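[1] The following block contains a protein sequence and its predicted model.
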Amino acid sequence: MERAATDLRAPDAGSGTVRVLRILLGASLFAAVLVATVREWQDVSDTVAEIGPSAILLSLSLTLLGLAASAITWKCSLYELGASVTTPSAMKIYLVGQLGKYIPGSVWALVVQMELARSAGVRRVQSLSAGVLAVGINVLTGGALGLAVQPFIGEGSTFRWVAGVVGIALCAIALAPPVLGRLADFAVRIARQPRLDCAPSWPGVARAASFSVASWLLYGLALSILAVGAGAETSATLLVALPAVALAMTVGFLVVISPSGIGVREAVLVAALAPVLPPSTALAVALVLRVVFTLADLLAAAATLPIRISRVREPSSVGARA
């Protein structure tokens, strides 16, 4: 098992040159956001003042609830793979582990979760698999929700309706436990970990996906409140915000050189909010949302730090599905 953990770290720690390049690229993305902010600072500061503290606090509250729902998605995923932890323990493992995404290379959040989950007696391969499974569920539910909404944004065309239906069908197929289990197994094997002990079940994936959908809805509402506070029209913004957040966070996660998707997420949000806000205002909203998400991550992690991770035995009912 110790060797397995070393193997997982190898892609990020194998070359000093690669590490330096990733740091430089991450710093470049941060600098790009900083330059854009300075260039548009007058509009940004005016927009922040227009949004107001009450809207920002409400957006922060919704984001915290979204993080809690994401933690339950991870807990459900872990249970499907043969291990169980209490809800408070799951909150600490997931929310503290999420701070790893601020290091270039998205794998670090999974590594931190693996190490924390060991305190509950969870094997590394189980926690890694749960992280991969949860990420897959979040990406697929976010994609499906975005595709479901996009035909209603602007002038819906036949192509957009067909593309939406086909895309949702593909997401549904990928979410099916036999397919999702194989995709997670493939990802785990790439990380040089053993094969999964258990296959996810239909009820288990449905439970995890329901909490994932809840998290996306909460994140979308958090963005829409900021955008409406900045002057966007309410009904149009509600339709734009959900796919905007889902797309921005998914693309930001996939661009692993960018810590927490910085720069990438903001670029996607500015483009996605174009139907309801001018570019300078959209940039201000994207930057405020970045602050809100960062603050939510820190507050959530800090709130769970005092929690003692409980050691729980593997549920025999889960192991029976292997």
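    Structure's in. What do you need?
[2] Remind me what the helix or strand containing Met114 packs against, helices and strands.
    Here Met114 sits within helix 107-117, counting by DSSP states H and E. Using 3 or more C-beta pairs under 8 Å, 6 or more residues apart in numbering; DSSP states H and E as the contact criterion, the secondary-structure elements in contact with helix 107-117 are helix 2-13, helix 87-97, helix 124-149. Yep, even glycine has a C-beta here, placed from its N, CA and C like the rest.
[3] same thing but at 6 Å, please
    The contact analysis (3 or more C-beta pairs under 6 Å, 6 or more residues apart in numbering; DSSP states H and E) places helix 107-117 against helix 87-97, helix 124-149.
[4] Low-confidence regions, the stretch 201-322 of the chain specifically.
    Regions of the stretch 201-322 of the chain meeting the criterion pLDDT under 70 cover residues 256-260, 313-322.
[5] And the helices in it?
    Using DSSP state H, counting those that start in this stretch, the helices of the stretch 201-322 of the chain run over 202-229, 234-254, 264-272, 279-304, 316-319.
[6] can I get those helices in a markdown table with distance to Val132 and mean neighbour count?
    As requested, the helices of the stretch 201-322 of the chain are arranged in a markdown table below (distance: least, C-beta to C-beta, whole Å; neighbours: other C-beta atoms under 10 Å):
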| stretch | distance to Val132 | mean neighbour count |
| --- | --- | --- |
| helix 202-229 | 12 | 22 |
| helix 234-254 | 12 | 21 |
| helix 264-272 | 21 | 22 |
| helix 279-304 | 20 | 20 |
| helix 316-319 | 17 | 13 |
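[7] In TSV: those, plus distance to Glu115.
    As requested, the helices of the stretch 201-322 of the chain are arranged in TSV below (distance: least, C-beta to C-beta, whole Å):
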stretch	distance to Glu115
helix 202-229	22
helix 234-254	20
helix 264-272	26
helix 279-304	14
helix 316-319	22
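[8] Of all these, which one comes closest to Gly100?
    The stretch from the helices of the stretch 201-322 of the chain with the least distance to Gly100 (C-beta to C-beta) is helix 279-304; that distance is 10.4 Å.
[9] which secondary structure elements does the closest one contact?
    The helices and strands touching helix 279-304, judged by 3+ C-beta pairs under 6 Å, 6+ apart, are helix 41-51, helix 53-80, helix 87-97, helix 202-229, helix 264-272.
[10] can you put the helices and strands packed on helix 107-117 in a markdown table and add mean neighbour count and mean pLDDT?
    Below are the helices and strands packed on helix 107-117 laid out as a markdown table (neighbours: other C-beta atoms under 10 Å; pLDDT from 0 to 100):
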| stretch | mean neighbour count | mean pLDDT |
| --- | --- | --- |
| helix 87-97 | 24 | 94 |
| helix 124-149 | 24 | 89 |
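[11] In CSV, list the ones you listed along with distance to Pro306.
    Conversion of these to CSV gives the following (distance: least, C-beta to C-beta, whole Å):
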stretch, distance to Pro306
helix 87-97, 9
helix 124-149, 21
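[12] which residue packs closest to Gly261, ignoring adjacent ones?
    Nearest non-adjacent residue to Gly261, counting by C-beta to C-beta, 6 or more residues apart in numbering: Gly252, 1.9 Å away.
[13] If you could redo that for Glu233, that was the one I meant.
    The shortest distance from Glu233 to any residue that is not its chain neighbour, by C-beta to C-beta, 6+ apart, is 6.3 Å, and that residue is Val276.
[14] Any idea how many residues pack against that neighbour?
    For Val276, the neighbour count with other C-beta atoms under 10 Å is 26.
[15] quick one: contacts for it?
    Under the criterion of C-beta atoms under 6 Å, 6 or more residues apart in numbering, the neighbours of Val276 are 232, 236-237, 240.
[16] please redo it, this time with the cut-off set to 10 Å
    The neighbourhood of Val276, defined by C-beta atoms under 10 Å, 6 or more residues apart in numbering, consists of 153, 224, 227-228, 230-241, 244, 282, 285.
[17] measure it to Ser157 for me?
    Counting by C-beta to C-beta, to the nearest Å, the gap from Val276 to Ser157 is 19 Å.
[18] Same check on Ala49?
    When distance is defined by C-beta to C-beta, Ala49 is 39 Å away from Ser157.
[19] What sits closest to Leu295 if chain neighbours are left out?
    Per C-beta to C-beta, 6+ apart, closest to Leu295 is Leu60, 6.3 Å.
[20] On the pLDDT front, check that neighbour for me.
    Reading off the confidence values, Leu60 has pLDDT 95.
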